[in-house]
Each structure stands twice: as structure tokens, then as C-alpha cells.
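**Student:** Need a 3D model of the sequence below.
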Amino acid sequence: METVDASHLRTINSTTLLRMIWQEQEISRADISRMTGMSRSSVSAIVAELLERDLVSEQGVRHSTSGRRPMMLSFHSDAYSIIGVDIGATHVAFALINLKGMIRESRFRRCPVQNEPQQTMQLIVETIESMKEAAAQDQCPVIGIGLGLPCPVHPDEEHSPIHEGILPAWKGWNPRTILRERFGLPVLFENDANLGALAELWWAKEPERKNLAFIKLGTGLGAGLILNGHIHRGRYGLAGEIGHMLVHLVPGESNQNLNDVLGSGSVLKRAQDVGRHNPFSMLSGSQLTMQRWMEAVLANDPAAEQIFDEATFALGAALSNLLVMLDLDSIVLTGSMSLLGDRVLDKVREVIRQHLIWSDLHSIPLRWSQLGEHHIALGAATMILEKAMNDLSWFPLKGVARENWDQEEDVNHASPH
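**Tutor:** Next up, the predicted model:
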């Protein structure tokens with residue numbers, strides 16, 4: 001029979017109590033004791049530690065018609081800060097958040113990430129340094145750095161965070177090690193689509209859902225998967241790489257995958273080919289861009305609509321496959337076709353209705369993300385917050401300077417679920 005030792009039980013109770021205060025606007029020690037079943041002495045001891053770590057503040061007493069008036073507790077959202085970094089193929093985005101997910105500062109910089117690791121890392125280090133200093137001046141020090149990467153992330157910590165097959169110029173570069181050595185802080189990293197999904201799980205205004213897919217449309221397609229409330233990575237970190245799902249299968253021939261059909265470069269090439277044969281279309285001419293193609297779709301240009309119908313059918317088919325495989329609660333989209341808004345959603349829903357016999361799946365919530373251009377950076381910071389909320393040692397005691405972080409098991413990667 002398995003037993004739980006006292007220190008482990010204390011950890012469980014501490015994180016349970018912290019999350020309860022985090023969720024509530026105001027709550028008293030007596031309320032916590034009543035709601036959790038913990039003794040008042042246990043609650044008082046844990047609250048004392050939370051006060052010592054500056055995570056909780058006492059807000060005065062609440063009016064009571066009888067008995068002793070209770071002291072109210074509230075979560076100290078601005079006690080600490082977290083930095084999230086979104087390393088894209090052509091940009092780096094940053095978000096400095098408080099412990100309630102409020103973005104206190106954000107930055108977005110274009111950068112030739114794919115081919116310039118040195119320039120990229122210099123930009124990242126300089127920006128983190130600036131944000132870290134600003135947070136310290138505001139007396140809300142940074143407790144960790146989260147990184148979102150534009151490639152699969154292998155669960156085995158011996159592998160490099162950067163997938164060299166996707167970003168060959170980054171061979172020999174390890175951003176985790178560079179940032180740990182420079183700032184002495186915990187550094188976690190994760191695939192960008194997974195972090196988009198995590199941000200949706202924590203911060204979206206929709207009702208809380210434990211099983212969702214976050215679909216990132218861009219140069220290629222990626223899906224971040226949340227199953228039972230946790231990121232699902234798979235054995236090799238490749239879960240959600242739906243852009244590599246095969247379509248148009250013909251034995252003995254070279255077959256297309258979804259990236260070949262839905263990747264922004266592929267869509268644009270197809271639009272250019274159609275435009276050459278339709279001189280009166282908005283797609284004709286030499287300056288065609290994805291923006292121009294989407295404007296042509298919104299203007300009901302027949303040639304543009306032809307490409308749109310092909311792309312949305314492929315997307316609808318891919319999402320239909322996801323739904324029957326995973327029986328999801330919701331699907332959230334972001335990326336290159338967002339300008340087309342409900343027009344994409346309506347077409348995709350139509351494909352799902354036509355090809356899935358289960359009516360329950362026809363009504364699955366399908367929407368565009370509302371978290372803005374910093375959603376991946378927000379997810380990267382949220383990864384740190386999620387980890388810290390389960391381990392109070394991430395938050396220093398008052399008057400105790402934090403030494404350089406050297407707990408290897410906590411900094412390599414967001415722990416697999």
C-alpha cells in the first residue's frame with residue numbers, strides 16, 4: 001500500500017491552497033479550512049509561508065454579524081514577473097506578465113531567425129535584460145523565462161531544444177543554456193503551437209475546456225494539443241505536426257501533405273498560377289501577397305474564391321480527422337487566414353457537417369484566437385507560471401537572495417504529462 005509522506009502532503013496542500021487564493025478575489029483562512037477540509041492550524045502555517053514568499057497579502061477584516069471578524073486574504077498578482085519569448089521563423093515576440101497573466105510589457109521584432117542565430121540570440125538577450133531591469137525597478141522581479149520554439153521539441157532532455165532538421169543554421173546553438181548562464185533563472189522551452197494551446201486553456205474567455213486543439217496556420221500547419229488539461233507531446237514530441245499528414249494519396253507517386261496545400265507559400269503559389277490565367281482577376285500581376293489574396297476573397301473575386309474553397313476544404317478535412325481521433329471540446333485557429341474570419345469558420349463547419357456522421361461533433365466550438373499577436377509569448381510565460389504554482393520554491397523567501405538556478409530537472413523542459 002502506497003503512503004504519502006508528510007513533506008509531500010504539505011506540498012500538495014500548499015499548492016492547493018495557493019491555487020484557491022489565486023482563483024478567489026478574497027478569501028479567509030476559515031473559508032479555506034471549510035472548503036478544503038484542512039485543519040485551521042495547517043491552513044495558518046501554509047498561509048504564513050505564502051505571506052513570507054510575498055504571494056499573499058492580508059486585506060483587512062470582513063464584516064461579520066457574529067463572532068470574530070475574519071482577516072481576508074488576496075493573491076499578490078504583482079509580486080513577481082515572468083518573461084515569455086516567442087521565437088518564430090521571421091520574428092521574436094516578448095511578453096512580461098504578472099502572476100495573473102496580465103501583460104505588463106510586450107515587444108515584437110522582425111528578425112531573420114531561420115538563418116541568423118547569433119543576431120537572434122543577441123536580440124533576445126538584450127530584450128530580456130531590459131525587461132528584467134524594468135521589472136526589478138517596479139519591485140516585481142522575474143522568476144523565470146519561457147521559450148516558444150518554431151519546431152518540434154523532443155521530450156528527451158539530451159536532445160537540443162532546436163530541431164536541426166527544421167532550423168539547420170542553429171546547429172550547435174542552445175538558447176536554453178545561453179539564457180540560463182546569462183540570467184541565472186529557470187528556463188523552460190516548448191513548441192510554439194503547444195504554448196498557444198496552453199495560453200488558450202488558461203486565459204481564453206470561453207468556458208474552461210480540458211481537450212482542445214490550437215491550429216497555427218502559417219508557412220506550415222501545426223497543432224498544439226491539450227488533452228485532459230495538459231499538453232500532449234507524444235513519444236518524440238511530434239504530436240500535432242498535422243502539416244505532415246498526407247493527402248491526395250496515389251500509390252507509387254509523390255504525394256502531397258497538408259503543408260503543400262495549406263502552407264501560406266503553397267496557397268500564394270497556387271493563387272499566382274490562377275492569376276496568370278485570369279487577367280481580370282485581382283490575383284493577376286506580379287505583386288501578389290497573402291494579404292492581396294485575402295482581400296480578393298473578401299471582394300468575391302471568382303479566381304480567389306477557387307483557391308479559398310480548395311484551402312478550406314483541406315482544412316475542414318484535417319480538422320474532421322482530428323475530431324474523430326481525439327473527440328475534442330473545442331478548436332481554436334490562428335495565423336495566415338485570420339483576416340477572412342467567419343468566412344473560414346463557416347466553410348470549415350460545412351465540411352465537418354458533410355463528412356462526419358456524428359451530429360455531436362458538428363457543434364464543437366470553432367473560433368479564432370482572441371489573445372493577440374503575443375499569444376505564443378503569453379503561453380511561454382504561462383508555462384513558467386504553471387510550473388511555479390506547483391512548487392513554492394520558485395518564489396524566494398523575503399530577504400533571501402535567489403542564487404543562480406541550478407536545478408537541472410526543472411529547467412530543461414516543461415515536464416511531460
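
**Student:** any idea which element Asn13 lies in?
**Tutor:** helix 6-23 (DSSP states H and E).

**Student:** Check which helices and strands that helix is in contact with.
**Tutor:** Identification of packing neighbours for helix 6-23 by 3 or more CB pairs under 8 Å, 6 or more residues apart in numbering; DSSP states H and E yields helix 29-36, helix 40-52, strand 71-75. Just so you know, the C-beta spots here come from the backbone N, C-alpha and C atoms, and that holds for glycine as well.

**Student:** Quick one: residues in contact with it.
**Tutor:** 4, 27, 32, 35-36, 38, 42-43, 46-47, 49-50, 55-56, 73-75, 99-100, 389-392 (CB atoms under 8 Å, 6 or more residues apart in numbering).

**Student:** Just the buried residues from the residues you listed, in PyMOL please.
**Tutor:** Buried subset of those, written as a PyMOL selection, criterion 16 or more other CB atoms under 10 Å:
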select buried, resi 27+32+38+42+43+46+47+49+50+55+56+73+74+75+99+389+392
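
**Student:** how near is Gln272 to Ser14?
**Tutor:** The gap separating Gln272 from Ser14 is 59 Å, by CB to CB, to the nearest Å.

**Student:** the more surrounded of those two?
**Tutor:** For Gln272 versus Ser14, the count of surrounding residues by other CB atoms under 10 Å is larger for Ser14: 19 against 16.

**Student:** So which residues of the stretch 201-350 of the chain form helices?
**Tutor:** Assigned by DSSP state H, counting those that start in this stretch, the stretch 201-350 of the chain shows helices spanning 258-262, 264-276, 290-298, 302-326, 342-355.

**Student:** Kindly reformat these as JSON lines containing mean pLDDT and distance to Phe183.
**Tutor:** As requested, the helices of the stretch 201-350 of the chain are exported to JSON lines (pLDDT from 0 to 100; distance: least, CB to CB, whole Å):
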{"stretch": "helix 258-262", "mean pLDDT": "92", "distance to Phe183": "36"}
{"stretch": "helix 264-276", "mean pLDDT": "92", "distance to Phe183": "34"}
{"stretch": "helix 290-298", "mean pLDDT": "94", "distance to Phe183": "37"}
{"stretch": "helix 302-326", "mean pLDDT": "94", "distance to Phe183": "38"}
{"stretch": "helix 342-355", "mean pLDDT": "96", "distance to Phe183": "40"}
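
**Student:** okay if I get those as TSV plus distance to Arg10?
**Tutor:** Conversion of the helices of the stretch 201-350 of the chain to TSV gives the following (distance: least, CB to CB, whole Å):
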stretch	distance to Arg10
helix 258-262	48
helix 264-276	51
helix 290-298	54
helix 302-326	37
helix 342-355	48
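
**Student:** So which of these is the most surrounded?
**Tutor:** Greatest average neighbour count among the helices of the stretch 201-350 of the chain goes to helix 258-262 (a mean of 22), per mean count of other CB atoms under 10 Å.

**Student:** That one packs against which elements?
**Tutor:** Looks like helix 258-262 contacts strand 221-227, strand 246-247, helix 302-326 (3+ CB pairs under 8 Å, 6+ apart).

**Student:** between these, which one is nearest to Pro396?
**Tutor:** Pro396 lies closest to strand 221-227 among these, at 30.5 Å (CB to CB).

**Student:** which residues are contacting the closest one?
**Tutor:** Contacts of strand 221-227 (CB under 8 Å, 6+ apart): 191-198, 200-201, 210-216, 231-232, 239-243, 258-259, 262-263, 318, 322, 326.

**Student:** what do you get if the cut-off is 6 Å, keeping everything else the same?
**Tutor:** 193-194, 196-197, 201, 211-216, 232, 239-240, 242-243, 258, 262 (CB atoms under 6 Å, 6 or more residues apart in numbering).

**Student:** Sketch out the low-pLDDT regions of the chain for me.
**Tutor:** 1-6, 62-68, 155-160, 207-208, 249-250, 252-253, 399-417 (pLDDT under 70).

**Student:** Need the residue closest to the centroid of it.
**Tutor:** With distances taken as CA atoms, centre = their mean, the chain has Leu195 as the residue nearest its mean C-alpha position (2.1 Å).

**Student:** if I look at that residue, how far off is Ile178?
**Tutor:** 19 Å.

**Student:** Hmm, Gln256 is touching His248, no?
**Tutor:** Yes: at 4.8 Å, Gln256 counts as touching His248 under the criterion of CB atoms under 6 Å.

**Student:** Compare the two and say which is more crowded by neighbours.
**Tutor:** Gln256 (15 against 12).
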